[in-house]
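*Asks:* below are the sequence and a predicted model for it; my questions follow.
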There are 2 protein chains.
Amino acid sequence: MQRNMKRLLIGKPLKNEALGGEKFGVLWGLPILASDALSSVAYASEEILLVLVPVVGALAYRGMMGISIAIIGLVVILAFSYRQTIQNYPNGGGAYIVAKDNIGSIAGVTAGAALSVDYILTVAVSISSGVAQVTSAVQQLKPYTVEICVALVLLLMLGNLRGIRESSRLFGLPAYAFIFGIIAMLIGGFVKLKTGYRPPEPALQSVEPLTLFLMLKAFSNGCAAVTGIEAVSNAVPNFRHPSAKRAKTVMLLLAGLIILLFGGVSVLTNTYHVVPKENMTVLIQIAAEIFGNGVMFYYITAVAFIILVMAANTAYSGFPMLVAVMAREGYVPRQLSMRGDRLSFSNGIFALSAFSILLIIIFRANVSSLIGLYAIGVFISFTLSQSGMFLKWWRERGGNWITKALINGFGACVTAVVVIIIAIAKFNEGAYIVVIVVPILILLMTKVKKHYSAVREQLRIKPEELGQIEIEHNLYKNRVIVPIESINKSSIRALRFAKTISDNVTAFCVAIDEEEGKKVKDKFAAIRTDIPLIVKYSPYRRVVEPLLRFIESSDYDYQRGDMTTVILPQFVVKHWWQKLLHNHTRVYIEKQLLKYKHIVVSVMPLQLKDDDLVLRNMEE
Amino acid sequence: MQRNMKRLLIGKPLKNEALGGEKFGVLWGLPILASDALSSVAYASEEILLVLVPVVGALAYRGMMGISIAIIGLVVILAFSYRQTIQNYPNGGGAYIVAKDNIGSIAGVTAGAALSVDYILTVAVSISSGVAQVTSAVQQLKPYTVEICVALVLLLMLGNLRGIRESSRLFGLPAYAFIFGIIAMLIGGFVKLKTGYRPPEPALQSVEPLTLFLMLKAFSNGCAAVTGIEAVSNAVPNFRHPSAKRAKTVMLLLAGLIILLFGGVSVLTNTYHVVPKENMTVLIQIAAEIFGNGVMFYYITAVAFIILVMAANTAYSGFPMLVAVMAREGYVPRQLSMRGDRLSFSNGIFALSAFSILLIIIFRANVSSLIGLYAIGVFISFTLSQSGMFLKWWRERGGNWITKALINGFGACVTAVVVIIIAIAKFNEGAYIVVIVVPILILLMTKVKKHYSAVREQLRIKPEELGQIEIEHNLYKNRVIVPIESINKSSIRALRFAKTISDNVTAFCVAIDEEEGKKVKDKFAAIRTDIPLIVKYSPYRRVVEPLLRFIESSDYDYQRGDMTTVILPQFVVKHWWQKLLHNHTRVYIEKQLLKYKHIVVSVMPLQLKDDDLVLRNMEE
C-alpha cells in the first residue's frame, strides 16, 4: 500500500538513461531561468519603503529612487561579469565550482554554504511574499497565511520529487504572463497620469532625517531584487548548441527585464505615493489604484503569486544540485548525492523543504522579518565567484585579459562592498544569524570531509597489494553463542542454525534467579544435543554485560582474526502495531555487541503467523 | 557521559533484593495514602460553584450544600464497601484484580482501562490545580502556568524513576501539614464569624432557575472529592502486620478526614459567599479573607500546592503498578512490566508523564476543562470492584453473607448511578472523550492479549516433545552471500569471515553500469580466492531486489531447513554525528531480507578510527 501511495504521488520510477531530458533555446530559457530574478519585483520596492517611510515620511520616495538607480547599476555590473563566467564555464559555472577551481576549496565551501542558506531563504521569502499578494486581494485568507505557505512548500516538494524536467516549458509561461502583466500595469499607470489623474497625497510625517545608515539599510533590503541573476550561469549546459552564446543573450535580456520591471515599479510607487500597509502589498495597492477592482487587478494578483511560487521552485532545482555536487566531494552527507526513483535528488529536496518550512513557521511567514536574513548569502557567493574569475584571468593572462580581469574584479569589489553593507546595516534585523550560521556550516562541512577522507583511507587497499590477498582457506576460528531465554521453537531453530556454521556452539542463558535458571537447565537437558549450556545470574536484569564477559573469557585469538558470532532471533510480525508489543532487546543487544570488532551478530528472523489463524488452530 | 548523566539524575542501579522496602503502620499509612483523596478539598467546592453561580446566582450556595451532603454520603458508603475489600484482598484489592477474579477478564480489563485513564487525569488535574493555587497568590507567575505544570510533571517523573520508596515518610509530612492548615483555617473562619465579622454579600444575579440537570452537573464535578479513596485497598500489603486490620482503620480515618475537611471547606465557602474568580482559586480566597496577607495565607497556599503535587505522585505509584500487572497478563505491551535500574517501572512512568503532559498542554492547564473528563473512570472502576465483591459474597454464601452482599451491592448500585449521572451531565464537557476512549482501550487490550497468546502458541514446545528434539549434526546446508560495493578492507574481511562459516560462499555486486561492474570484476580477479563473484546491473539503483532474485534462484531446499546467510558490514563510528554521514542502507537491506524466513543476516562491525589520527598517519 505504501508503495502504491508513493507511485500515485511521485510517479513510477525512471531509468538512469532518462536523465538526458530536453534542452532549451533563448525563447524558453529566458522565462525558465528568470522567475527568481523577476519575482523580487513583487516586493523589493516595498521592502525599501518599509525601512524609510516610518522614519523620514514623504522623503522616502526620493530615497527609494536613488536606491533603485544604485541597484540597477549593480544589475548591469553583474550581467557583464556573469557573461564572462558563462563563456568560460560551459558546464555550469556555479559559485561553488568557480570559487573552488580558482581560489581554493575553502572558498568553494564558503560559497556553497552561503548559497545553500540563501536557497532556503529564497523558498521562505518567495512563498511568504506570494501568499501575501493573495491575502492582500482576498483578506479572508489572512489568518491562514502560515498554513497556506506550508502547504505550498509541500506541494513544491511533491512536484520536485516527481521530477520537474517533464514540465519545464510549463514553467516558462507564468514568467511571460508576469512580464506582460507588469508591463501592462506600467503602461496603464502612465496613461492614467497623462490623462489627468492625480493620486492622493498621503499624510506622512518625518520623524528623523534621512541618514546614510538608513539609506544603506533600505539598499540592503532592495538587493533582494538582484538575487537569482546567477541562475543563467549555473544552467549553461541546459541550453541548445551553441549553449554559451545563447546563455549570454539570455543574461543580457534578463538584466534588461529586471531594469525595466523593477525600475518601472519603483517609478510607479513613487508617482502614486503608495504607502506600505499591514494588509496589502505595495504591488497590489498599485494594481488597485490603476485598474480598480477589475479583471486586471486579479490578473496581477494571480501572476505575482505564481511567479513567486516559481521563484521558490528555482531553489528546488538549485539547492539539491548544489548539495549533490558537494556531497560527491564529501563535504555534506553522502545521502544527499543519491537520486531517488524519479532521478531527482530526493534527500536534498526533503532538506530544502524542511528548513524552509521551519523558517516560515519561526518568522510567521512575514516577508519583512525574513528579508533581514536574505541576500547576504547570495552576495557572498557573487563576491567569491567574481573573485575566482578575476584570479583566473590574472593567472592565465590570455588575450584581452586586462579588460576581462577589470570587469570581474570590479564586480567582485562592488559585491564585496554590498556584503559589508548588508552585514552591517541589517545585522540586528537577522543578518547576524547568517553571519553566525555560514561559518558554522563551513566548519561542519570541513569536518564531514575529513571524516569521509579518513574512512576511505581506512578501507583503501592499494592496487599493488591486491595480489597478496588470499581468501582461500578456512583460516580463522569462529565460535557461536546462542543466547536463549527459554526452550522454545525459536531457540531450537537458532541452535540448529548455529550447528551449520560452527562446531563450537554454546547456548547462553541469563536468568533472573536460581529457580528460573534451573527450569531452563532441566528442559535443555531433555534435548539430544552436545551443545553446552551456560547459565549466568544477573541481579540487575542485564543481558549484555554477562554475555560480553563470557565472550572475553575465552582463549580465542581475536588479534589474529578469530571471531565470535552471536545469534539473535528477531520476530517479524504481520502488522505494524504488533512491533510495539515486542521489546527491542534485540536491537539494543546488537548495538552493544557491535562495538566490538571480533563479534558478528547474526539476526535470525522468525515469521509470526496471523494471530486469529493461530488461535483458531489451537482451539481445534 | 550519557551513563554518568543518568546516574546523576536517577541514582545508581539497585539489586532485585532491595525490593522489600519498609512497611508502614496507621500513623504513616494514613498520610501517605491520603494525599490524592484529601487534595481534592482544594478544588472540589470551587468546581461545584463554577457550574452553579453563573446560572443561578446566590442560590448556588444552597445547591452546593445539598451536593456536599450527597458526596459525604457517597464517601461513607464507599468506606464501608472498601473495608470489606481490604479484608478479603490482603494482597492488594485493586479494581482490576477484584473485577477479574469475580466477574471475568473483560470486566477486569474494563476496570483497568478506566483506571489508567483516570490516573493520567489525576496527574493533569492535580498539577494544574496545584499550580493554580500558587498563581492565585503570586499573580506574576500566571503567564507561565503551562510551563510550570510541565516542569513539575517532569520532576515527578525523575523522582519516581529514582524510586520513591526511599522517601516514603517524607511524603507523609505534607499531608499532615495540609490537614493541620485546613483545620486551622476552619477554626479561624468560624472564630472570625463568632467575633462579629460579617463577610460582604456578593452581588450575584440569577439567570435561570436551579434545575435538576444543573444540580447533577455540579454533583458530577464535586465527585472529584471522592477519587483516591480506593488507594488504601490497593496498598494493603504495604501495611505492617496485621495489615488488613491497620488498613481498615486507615480507611475509616480517611473517610472521616474527607468528611471533615471537604464538608468544612464547603460550609466556609457558603458562609463567606466566595465567588469563583478567574485569577484566584476559592480556597486561596477563603484563606485571604480569614488570614489577610499574613504567614498563614502563604502557609495555606504552600500546603495546598504540595498536597496536590503529592496527589499527582500517588498516580505515579498506582499507574505503573497497574499497567505492569496488566502487562504480565499480556493485555498491554510487555515492556511496561519491566523494572528499570532503580526497580521502578520506568516505561509506565514515562507513559504516564507523556500522556499527562499532553493533556496539560491540550487543556492549557485549566482545571475546569480537565474536570469534565475526570472522575468517570474512577467511578467505573468503583462500580466494577463493588459488583465483583457482591458476586463473591453471592457465590460463596459464607457467614453473614447477606449483610456483606448488601453493603457491596448498595455501593455498586450507588456508584453505577453516579457513573450514569457523570456520563450524561458532563457528556458535552469532555466525558464523551472518556466514553469513547475506554472502549477503544478495551478493544486494543484484547487485541494485544490475543497477539501474545498467538506468539506463545507458535513458540511452544510441549514437554513430552522435548525428548524428540535433536541438534546434533550438521543437518542443513547454509549458503553465504557477501554483497560488496568495491574491493576494500571491509569487503575482504567479510569474505574471510564468510569462509569460516560455510564452504559455499558467493560475492555479489550490484553495479550501476557496465563500467563500474568491470572495475570490480578486474580487482576481484586479482585476489587469490575460489569465491565466485556475481555482478548484476540495476538501472533503478536497487540492491535488495537483485539480491533476493539471486537467493531465490538457487536450488536450496528452504522447506527442509536450509538457510542463506547474507553478510552486511556495518560502520561503527566514534561520534554520534558521524552516524548521519553513512547511509542506512544496511538497516534497510536487513529489514527487507528479514521478511524471508530462510535468510539470516549477519552484521559484521567495522570500527572506524579517529579521523584526525588516520589522516595524520596518512600524511606521515
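*Replies:* Okay, I see it. Numbers count the residues shown, from 1 in each chain, chains lettered A, B, ... in the order given.
*Asks:* ok, and the closest non-adjacent residue to the residue most central in space within chain A?
*Replies:* Residue closest to the mean C-alpha point of chain A, counted by Cα atoms, centre = their mean, is A:L352 at 2.9 Å. Of all residues not flanking A:L352 in the chain, A:F319 sits nearest, at 4.6 Å (Cβ to Cβ, 6 or more residues apart in numbering or on different chains). Just so you know, the C-beta spots here come from the backbone N, C-alpha and C atoms, and that holds for glycine as well.
*Asks:* wait, doesn't the residue nearest to the centre of chain A sit right on A:V123?
*Replies:* Yes. At 6.4 Å, A:L352 counts as touching A:V123 under the criterion of Cβ atoms under 8 Å.
*Asks:* where does the stretch 101-250 of chain A dip in pLDDT?
*Replies:* Filtered on pLDDT under 70, the stretch 101-250 of chain A yields the residue ranges A:163-169.
*Asks:* which residues of it fall in helices?
*Replies:* Counting by DSSP state H, counting those that start in this stretch, the stretch 101-250 of chain A has helices at residues A:105-137, A:145-162, A:168-194, A:212-222, A:231-234, A:243-271.
*Asks:* the longest one and chain B, any residue contact?
*Replies:* No. Judged by Cβ under 8 Å from any Cβ of the partner chain, helix A:105-137 makes no contact with chain B; its nearest approach is 14.9 Å.
*Asks:* related to what we said a few turns ago, which element, helix or strand, includes the residue nearest to the centre of chain A?
*Replies:* helix A:346-362 (DSSP states H and E).
*Asks:* mind giving me the domain split of chain A?
*Replies:* A:24-453, A:478-619 (automatic domain parsing).
*Asks:* can you name the residues that contact the residue nearest to A:L352?
*Replies:* A:S116, A:Y119, A:I120, A:G348, A:A351, A:L352 (Cβ atoms under 8 Å, 6 or more residues apart in numbering or on different chains).
*Asks:* what comes up buried for the helix or strand that A:A315 is a member of?
*Replies:* Secondary-structure element containing A:A315, defined by DSSP H and E: helix A:295-328. Neighbour counts over helix A:295-328 (16 or more other Cβ atoms under 10 Å in any protein chain shown) mark A:296-297, A:299-327 as buried.
*Asks:* again with stretch A:464-472
*Replies:* A:L466, A:I469, A:I471.
*Asks:* which strands and helices sit next to the helix or strand containing A:E47?
*Replies:* In the assignment (DSSP H and E), A:E47 maps to helix A:44-56. If contacts are counted by 3 or more Cβ pairs under 8 Å, 6 or more residues apart in numbering or on different chains; DSSP states H and E, helix A:44-56 sits against helix A:60-88, helix A:212-222, helix A:243-271, helix A:282-291, helix A:367-371.
*Asks:* for those helices, which one sits closest to chain B?
*Replies:* Nearest to chain B, of all the helices and strands packed on helix A:44-56, is helix A:367-371, at 23.3 Å by Cβ to the nearest Cβ.
*Asks:* who touches that closest one?
*Replies:* Looking at what lies outside helix A:367-371 - Cβ under 8 Å, 6+ apart - the contacts are A:43, A:47, A:50, A:121, A:124-125, A:128-129, A:132, A:221, A:224, A:359, A:363, A:429-430.
*Asks:* returning to what we had before: mean pLDDT for the domains of chain A: which is lowest?
*Replies:* Among the domains of chain A, domain A:478-619 carries the lowest mean pLDDT, at a mean of 83.
*Asks:* okay, how far is it across that one, tip to tip?
*Replies:* Using Cα to Cα, to the nearest Å, the span of domain A:478-619 from its first residue to its last is 44 Å.
*Asks:* get me the contact residues on the stretch 351-500 of chain A for chain B.
*Replies:* A:447-448, A:450-455, A:457-461, A:463, A:466-467, A:469-478, A:487-490, A:492, A:495-497, A:499-500.
*Asks:* just the buried ones from the residues you listed?
*Replies:* Buried among those by 16+ other Cβ under 10 Å: A:448, A:451-452, A:454-455, A:458-459, A:461, A:466, A:469, A:471, A:476-478, A:487-488, A:490, A:492, A:495-497, A:499-500.
*Asks:* what's near enough to touch the residue of chain A most remote from its centre?
*Replies:* Computed with Cα atoms, centre = their mean, the residue of chain A farthest from its C-alpha average is A:A526, at 61.3 Å. Shown in contact with A:A526 (Cβ under 8 Å, 6+ apart): B:P463, B:L466, B:G467, B:I469.
*Asks:* so which of those residues reach chain A?
*Replies:* Applying Cβ under 8 Å from any Cβ to the contacts of A:A526, those adjacent to chain A are B:P463, B:L466, B:G467, B:I469.
*Asks:* burial check on the residue lying closest to A:K392 once chain neighbours are set aside, number of neighbours?
*Replies:* Spatial nearest neighbour of A:K392, chain neighbours left out: A:N102 (4.7 Å); criterion: Cβ to Cβ, 6+ apart. Using other Cβ atoms under 10 Å in any protein chain shown, A:N102 has 21 neighbouring residues.
*Asks:* please name the residues that touch A:N102.
*Replies:* A:S387, A:G388, A:M389, A:L391, A:K392, A:R395.
*Asks:* filter those residues down to the buried ones.
*Replies:* The neighbour-count criterion (16+ other Cβ under 10 Å) marks A:S387, A:G388, A:M389, A:L391, A:K392 among the contacts of A:N102 as buried.
*Asks:* for the third one, helix, strand, or coil?
*Replies:* This means A:M389. helix (DSSP: H, G, I helix; E, B strand; the rest coil).
*Asks:* picking up where we left off before, now for the buried ones among the contacts of A:N102, which pair is the farthest apart?
*Replies:* By the measure Cβ to Cβ, A:S387 and A:K392 form the most distant pair in these, at 9.7 Å.
*Asks:* quick check, nearest of the contacts of A:N102 to B:V267?
*Replies:* For the contacts of A:N102, the nearest to B:V267 is A:S387 (85.0 Å; Cβ to Cβ).
*Asks:* any idea how far the closest one lies from B:P200?
*Replies:* 80 Å (Cβ to Cβ, to the nearest Å).
*Asks:* hang on, the earlier thing: look up how far A:A231 lies from the residue nearest to the centre of chain A.
*Replies:* 16 Å.
*Asks:* so A:L593 makes contact with A:L548?
*Replies:* Yes. With contacts counted by Cβ under 8 Å, A:L593 reaches A:L548, the gap being 7.5 Å.
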